[in-house]
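> Could you look at this predicted model? Sequence included:
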Amino acid sequence: MDKLKKVLSGQDGNNDDGDILQAANQASTLGWGTRMKGFIACFVLGVLCSILGTCLLWIPRVGLILFAVLYTLGNVASLCSTMFLMGPLNQLKRMCAKERALATAIMLTCLVLTMCSAFWWKNNGLALLFCILQFLAFAWYGLSYIPFARDAVIKAFSVCLK
């Protein structure tokens, strides 16, 4: 039972997850409980913005613009939520890592282009296209944190396309 408590608390010397938790703990001056609350609050806010944007999509004339803005804000809030867990500097370093750099660049570009197409260009079709690309880039970015997930997705799609 003591071994289980040590592993779950990140105190087991043989567990690499403990090193990750310690690095995350040192990345911020906030306590672990505060960081978890911040993560949950930002993530829930992001999900709510995305859901609200999807619900407002069907409002005539302004629905697509509201969707694009709320969906983009939801993605930004969800992305910022992980900064509470690992700290802003570590998050930025991991976002710019070799295996995530392209997905990060595409995702951030789509975030900006969605807002430009909604407000500056006033092109609803482009706003919707960039929201779809945001979703795909955010999913690809998220999969990069799961070992071999990208390879599994590529293999699944290659099997489906044969």
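Good, I have the coordinates. Just so it is clear, the model here is predicted, and its values are computed rather than measured. Numbers count the residues shown, from 1 in each chain.
> quick one: buried residues of whichever strand or helix holds Ala105?
Ala105 belongs to helix 101-115 when elements are defined using DSSP states H and E. Across helix 101-115, burial judged by 16 or more other C-beta atoms under 10 Å covers 103-104, 106-108, 110-111, 113-115. For the C-beta atoms, the positions are set from N, CA and C on the backbone; glycine is no exception.
> which one among these gets closest to Arg150?
Relative to Arg150, the closest of the buried residues of helix 101-115 is Ala103; by C-beta to C-beta it sits at 9.2 Å.
> thought the closest one was touching Trp140?
Yes: using C-beta atoms under 8 Å, Ala103 makes contact with Trp140 at a distance of 4.6 Å.
> ok, back up a step: kindly reformat the buried residues of helix 101-115 as TSV containing distance to Val159.
Shown next, in TSV, are these (distance: C-beta to C-beta, whole Å):
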residue	distance to Val159
Ala103	22
Thr104	28
Ile106	25
Met107	26
Leu108	31
Cys110	27
Leu111	32
Leu113	32
Thr114	32
Met115	37
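> Out of these, flag the one nearest to Leu56.
Within those, distances to Leu56 taken as C-beta to C-beta reach their minimum at Thr114, with 14.9 Å.
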